[in-house]
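Visitor: need a structure here:
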Amino acid sequence: MPVVNRIAGYAEDMKAWRRHLHAHPELTFDCHETAAFVVERLKEFGVDEIHEGLAKTGVVAIINGQGDGQTIGLRADMDALPMPETTGLPYASTVPGKMHACGHDGHTTMLLGAARYLAETRNFKGRVALIFQPAEEGGGGAGVMVEEGIMERFDIAEVYALHNIPGIDLGHFYSTPGPIMAAVDEFHIDIQGVGGHGAYPQETADPVMCAVGIANALQTIVSRNHDTRQEMVVSLTQIHTGSTDNVIPDTAYMNGTVRTFDKDVQAMIIRRMEEIVAGQAASYGVKAELRYEKGYPATVNDADKVAFATDIAREISGPDAVQDNVGKEMGAEDFSYMLEARPGAYLFIGQGEGPGVHNPNYDFNDEISPIGASFFARLVERALPV
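Guide: Now for the predicted structure:
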């Protein structure tokens, strides 16, 4: 079954919604105008309940079906990125330094399209919980909403989300059972030495040499401490120290990211980092402190829900347009918190060729809005048949 005809009829409306959102990006939890726009549309559609102020600016709307049944959660993220836009499009960002460079404007639009259809037809039992979430790009809005109890409050039994992806054929879907995106952590290392004249290093405790030693040793975590069958990344991305050629500085600062799928691997990395930082500091006669900050957990799909969701995707886009076991990605996603709380699935939907996400020339492809909205709608109708 292709795109739902009724939803195809919303295409121009969805394009207008999406381009309005694109022109008015908001960051993290401060999605006030975006949430107000969403609420205004939901009221027009005639949904049964609208709950605002979750995770500060998040919205959950409820649509009741025909008779009793469980509640399916459908999630879209609303926030933009703190970066300039260079597309030059008529609907480009009107807010300097803010841009919808990851397609959350499109994700919100797809869920609004599904909401309109489901509120009109109600060809399902049970309920749908439409989750419009702030702060995916930073702050973990999904985790905040889970901590605030949305799963229990709205009796959500399972939960699903879509994310656009450039470079994949338009309307194609892919996902995978089990881990699909990595846990994302960050580390900070502060080194305190004793500075002095570059001509008399014997009178100093050099933090630069310690930073070099730590940088080299960190790479042995990947090359010598982990099982090669378990994916992981340790990337040192910043070293800041010094100000001129003939002064050994007092301090150095290091920073980077860690990506894992397994909590035991994560624990091993933390342990080895602590040992390396302490050991290198002792060997160079300086003080060093590691601050390891855990971020979003790994995004882990339920195998049965992936099989179900990709079956729905085949109905929409055809059997040759869906891959259901593509493997893992090292990117991260805070939908992971919702999947920790309830079984569900996270899928990617291709939007054709074009600049990648987080690129100042990126733009969401409006042609996939009816496809994504149809996916959400059919998923509900199949999961909760009348």
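Visitor: so what pLDDT did the residue nearest to A309 when sequence neighbours are not counted get?
Guide: The spatially closest residue to A309, leaving aside those adjacent along the chain, is A345, at 4.3 Å (C-beta to C-beta, 6 or more residues apart in numbering). No exception for glycine: its C-beta is placed from N, CA and C like everyone else's. A345 carries a pLDDT value of 98.
Visitor: same question, the one 3 residues further on
Guide: Reading off the confidence values, F348 has pLDDT 98.
Visitor: and the helix or strand harbouring it, what other elements does it pack with?
Guide: In the assignment (DSSP states H and E), F348 maps to strand 344-350. If you count contacts as 3 or more C-beta pairs under 8 Å, 6 or more residues apart in numbering; DSSP states H and E, strand 344-350 packs onto strand 156-165, strand 173-174, strand 299-301, helix 303-317, helix 335-341, helix 369-383.
Visitor: Can you say which of those is packed in most?
Guide: Here the criterion is mean neighbour count by mean count of other C-beta atoms under 10 Å, and of the helices and strands packed on strand 344-350 the winner is helix 369-383, at a mean of 25.
Visitor: relative to helix 303-317, how tilted is that helix?
Guide: Interaxial angle, helix 369-383 versus helix 303-317 (axes from the mean of the first three to the mean of the last three C-alpha atoms, to 10 degrees): 130 degrees.
Visitor: Helix 369-383 vs strand 156-165, what angle?
Guide: 160 degrees.
Visitor: Check which helices and strands helix 369-383 sits against.
Guide: Counting by 3+ C-beta pairs under 8 Å, 6+ apart, helix 369-383 packs on helix 5-8, helix 11-23, strand 71-77, helix 104-121, strand 156-165, helix 303-317, strand 344-350.
Visitor: Which residues does the last one contact?
Guide: Contacts to strand 344-350, defined as C-beta atoms under 8 Å, 6 or more residues apart in numbering, come from residues 73, 158-175, 180-181, 299, 301-302, 305-306, 308-310, 313, 333, 335, 338-339, 368, 371-372, 375.
Visitor: Distance-wise, check V208 relative to H188.
Guide: Distance of V208 to H188, computed by C-beta to C-beta, to the nearest Å: 17 Å.
Visitor: Give me the more crowded residue out of those two.
Guide: The neighbour comparison of V208 against H188 (other C-beta atoms under 10 Å) goes to V208, with 21 against 14.
Visitor: got any ranges where this protein has weak pLDDT?
Guide: The model of the chain has pLDDT under 70 over residues 1.
Visitor: So what would you say the end-to-end distance of stretch 46-59 is?
Guide: Taking C-alpha to C-alpha, to the nearest Å, stretch 46-59 runs 15 Å from one end to the other.
Visitor: Other residues contacting it?
Guide: With C-beta under 8 Å, 6+ apart, stretch 46-59 has contacts from 29-32, 34-35, 38-39, 42-43, 60-64, 78, 115, 119-120, 130-135, 141, 144-145, 148, 150, 154.
Visitor: what residue lies at the spatial centre of this protein?
Guide: E333 (2.8 Å; C-alpha atoms, centre = their mean).
Visitor: just to revisit the earlier point, now distance to I50 too, for the helices and strands packed on helix 369-383, in JSON lines please.
Guide: Output for the helices and strands packed on helix 369-383, formatted as JSON lines (distance: least, C-beta to C-beta, whole Å):
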{"stretch": "helix 5-8", "distance to I50": "21"}
{"stretch": "helix 11-23", "distance to I50": "17"}
{"stretch": "strand 71-77", "distance to I50": "15"}
{"stretch": "helix 104-121", "distance to I50": "11"}
{"stretch": "strand 156-165", "distance to I50": "16"}
{"stretch": "helix 303-317", "distance to I50": "26"}
{"stretch": "strand 344-350", "distance to I50": "22"}
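Visitor: nearest to P90, of these?
Guide: Comparing those by their distance to P90 (C-beta to C-beta), the top pick is helix 11-23, with 8.2 Å.
Visitor: From the contact counts, what lies against the next helix or strand after that closest one?
Guide: Later in the chain than helix 11-23, the nearest helix or strand by DSSP H and E is helix 32-45. Contact analysis of helix 32-45 by 3+ C-beta pairs under 8 Å, 6+ apart lists helix 11-23, strand 49-54, strand 58-64, helix 104-121, strand 127-133 as its packing neighbours.
Visitor: With only the CA atoms kept, save helix 32-45 in CSV.
Guide: Provided in CSV are the C-alpha atoms of helix 32-45 (Å, rounded to 0.1, in the frame of the first residue of the first chain):
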residue,chain,number,x,y,z
HIS,A,32,8.1,28.1,22.9
GLU,A,33,7.0,29.3,19.5
THR,A,34,7.4,25.8,17.9
ALA,A,35,5.3,24.3,20.7
ALA,A,36,2.6,27.0,20.3
PHE,A,37,2.5,26.3,16.5
VAL,A,38,2.1,22.6,17.2
VAL,A,39,-0.6,23.1,19.7
GLU,A,40,-2.5,25.4,17.3
ARG,A,41,-2.5,22.8,14.6
LEU,A,42,-3.5,20.0,17.0
LYS,A,43,-6.5,22.1,18.1
GLU,A,44,-7.5,22.5,14.5
PHE,A,45,-7.3,18.8,14.0
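Visitor: chain center to it: distance?
Guide: 22 Å (C-alpha atoms, centre = their mean, to the nearest Å).
Visitor: before we move on, what about stretch 127-144?
Guide: 10 Å.
Visitor: Could you work out the end-to-end span of stretch 190-209 for me?
Guide: 13 Å.
Visitor: And that stretch, what's buried?
Guide: Using 16 or more other C-beta atoms under 10 Å as the test for burial, stretch 190-209 gives 190-191, 193, 195-196, 204-209.
Visitor: can you tell me which helix in this structure is longest?
Guide: helix 263-284 (DSSP state H).
Visitor: Following the chain onward from that helix, which element is next?
Guide: Defined by DSSP H and E, the subsequent element after helix 263-284 is strand 287-294.
Visitor: Quick one: closest of the helices and strands packed on strand 344-350 to Q230.
Guide: Nearest to Q230, of all these, is strand 299-301, at 14.5 Å by C-beta to C-beta.
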